[in-house]
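Trainee: need a 3D model of the sequence below.
(one chain, ligands or ions: 2)
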Amino acid sequence: MNNLFDIANQFKPQGTIADIQEFGHGNINNTFLVTLDSSTDKHFILQRINTQVFRQPELVMRNISTFTHHVQQRLQHFPLNRPWEVPRVLLTQDNKDYWIDTHGSFWRSLSFIENTESFDTIQNNHHASEVGYALGMFHNLISDLPPQKLADTLPGFHITPGYLQHYQNVKKQYIPSVQTPELKYCLQFVSDRTTWAHVLENAQAQGHLKLRPIHGDPKVNNVMIDTQTEQAISIIDLDTVKPGLVHYDIGDCLRSACNSLGEETQEWEMVSFDTDICDCVLQGYLSVARDFLTERDYAYMYDAIRLIAFELGLRFFTDYLQGNIYFKTQYPEHNLARALVQFKLTESIESQSAAICKIIQEMR
Ligand code: GN1
Ligand code: MG
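Mentor: Ligands and ions are numbered 1, 2, ... in the order given. Model (predicted):
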């Protein structure tokens, strides 16, 4: 029997399970919030990992453990002057950090950070600076964890030239015979930017940027905000913690935060990049990240913002052409709609390059 209650019960719940509901808006895994009849730990998170995407989910769990252990040690030896929490991995009855059901699905559980909420879009300037703080604190806490201690659980993740190569291959096979104006816009958009897409990987190859541990997915709704104090107290979704460039994270956080309409909007033509929010996020980020950034890191920040928006658009667009095999979708054109949002955002970033570079310059 593989019903959700049976699966959740494998993770030694500290009470009787009262309810299980789908939770959040993840595009890859299936996430559930388990509610307990208990006065202490009231909830925990149960997830089925998409093993088409994460081919070695045991390594994902190992990275999470390495990360959690490191951060707990850091916080014990160097306590912060404000609250910060890290989700705990919950073990099964056999003390394993995952459980495989009779269909071969890979399940794991994490503690839920109580009395917090998250938002899909930025609510105000304070929220923006808290989101930046959360990413900065995350980078700060792992800045002394050698990246080689983390496995590469998702080869090619955020390597834009790789996505571009894959797109070229997909395009040869799957190009629709009837081309709508939206489709033509996307094809042209990508083709106009192919040579520049190597910017961060070239910088790494030249030794300008180096690999560090990264979060991999620091979008706005992965930052947990304390409902009382409105402070960020955790950043969740640790599946993509692995070696990478902090620029992927900075770009991803800003492409998410500065798009006030959100990545799921239908009004793609109205999408723009809000430079005031960018200013607040970067202030929050640098308030805790300044010490480990180099001059070169600042020099590639603008490119990172532009690139990660473009890259996500390219990933959505390729998945649309290929028949929606990577991101979960609600309707056949969903990934096309998401791609248009990111391309419009990229356009807005490009048209405001001087203002964005000025914000970065003034923070150096
Ligand atoms: C995916 O599943 P979710 O929502 O946490 C994706 C991210 C994208 C994001 C866009 C492993 O994350 O890279 O930025 O969708 N994760 C993976 O919403 O590809
Ligand atoms: Mg994620």
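
Trainee: residue ranges with poor pLDDT in the stretch 151-300 of the chain?
Mentor: By pLDDT under 70, the stretch 151-300 of the chain has no low-scoring segment.

Trainee: mind doing that once more with 90?
Mentor: Along the stretch 151-300 of the chain, the model assigns pLDDT under 90 to residues 174-178.

Trainee: and it, which of its residues are near ligand 2?
Mentor: Residues of the stretch 151-300 of the chain lying close to ligand 2 by C-beta under 5 Å from the ion are 217, 237. All C-beta atoms are positioned from the backbone trio N, CA, C, and that covers glycine.

Trainee: how about the strands in the stretch 151-300 of the chain?
Mentor: Assigned by DSSP state E, counting those that start in this stretch, the stretch 151-300 of the chain shows strands spanning 212-214, 223-226, 232-235, 242-244.

Trainee: so which of these is nearest residue 197?
Mentor: Among the strands of the stretch 151-300 of the chain, strand 242-244 comes nearest to residue 197, with 16.5 Å by C-beta to C-beta.

Trainee: neighbouring strands of that closest one in the sheet, and parallel or not?
Mentor: Taking DSSP bridges as the criterion, strand 242-244 forms sheet pairs with strand 212-214 (antiparallel).

Trainee: show me how far the partner strand is from its chain's centre.
Mentor: Here strand 212-214 is found 13 Å from its chain centre; the criterion is C-alpha atoms, centre = their mean, to the nearest Å.

Trainee: can I get the strands of the stretch 151-300 of the chain in TSV with mean neighbour count?
Mentor: Compiled in TSV, the strands of the stretch 151-300 of the chain are given as follows (neighbours: other C-beta atoms under 10 Å):
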stretch	mean neighbour count
strand 212-214	25
strand 223-226	23
strand 232-235	23
strand 242-244	22
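
Trainee: out of those, nearest to ligand 1?
Mentor: Checking the strands of the stretch 151-300 of the chain against ligand 1 by C-beta to the nearest ligand atom gives strand 242-244 as the closest, at 10.5 Å.

Trainee: now do that closest one: everything it contacts.
Mentor: The contact list for strand 242-244 (C-beta atoms under 8 Å, 6 or more residues apart in numbering) reads 63, 147-148, 150-154, 157-158, 211-214, 216.

Trainee: any residue of it up close to ligand 1?
Mentor: No. Strand 242-244 stays clear of ligand 1 (C-beta under 6 Å from any ligand atom), getting no nearer than 10.5 Å.

Trainee: these two touch, right, residue 226 and residue 130?
Mentor: No. With contact defined as C-beta atoms under 8 Å, residue 226 and residue 130 do not form a contacting pair (9.3 Å).

Trainee: among the contacts of strand 242-244, which two are most distant?
Mentor: So, those by C-beta to C-beta: farthest apart are 148 and 158, at 17.9 Å.

Trainee: between the two, which has more neighbouring residues?
Mentor: residue 158 (26 against 10; other C-beta atoms under 10 Å).

Trainee: which residue comes closest to that one once chain neighbours are left out?
Mentor: residue 248 (4.2 Å; C-beta to C-beta, 6 or more residues apart in numbering).

Trainee: now the nearest residue to residue 250 once chain neighbours are set aside: phi and psi?
Mentor: Leaving out its chain neighbours, the residue that sits closest to residue 250 by C-beta to C-beta, 6+ apart is residue 304, at 5.3 Å. With angles defined as degrees, to the nearest 10, residue 304 sits at phi -60, psi -40.

Trainee: renumber starting at 40 from here on
Mentor: Shifting the count to begin at 40 puts that one at residue 343.

Trainee: do you know how far residue 343 is from residue 334?
Mentor: 15 Å (C-beta to C-beta, to the nearest Å).
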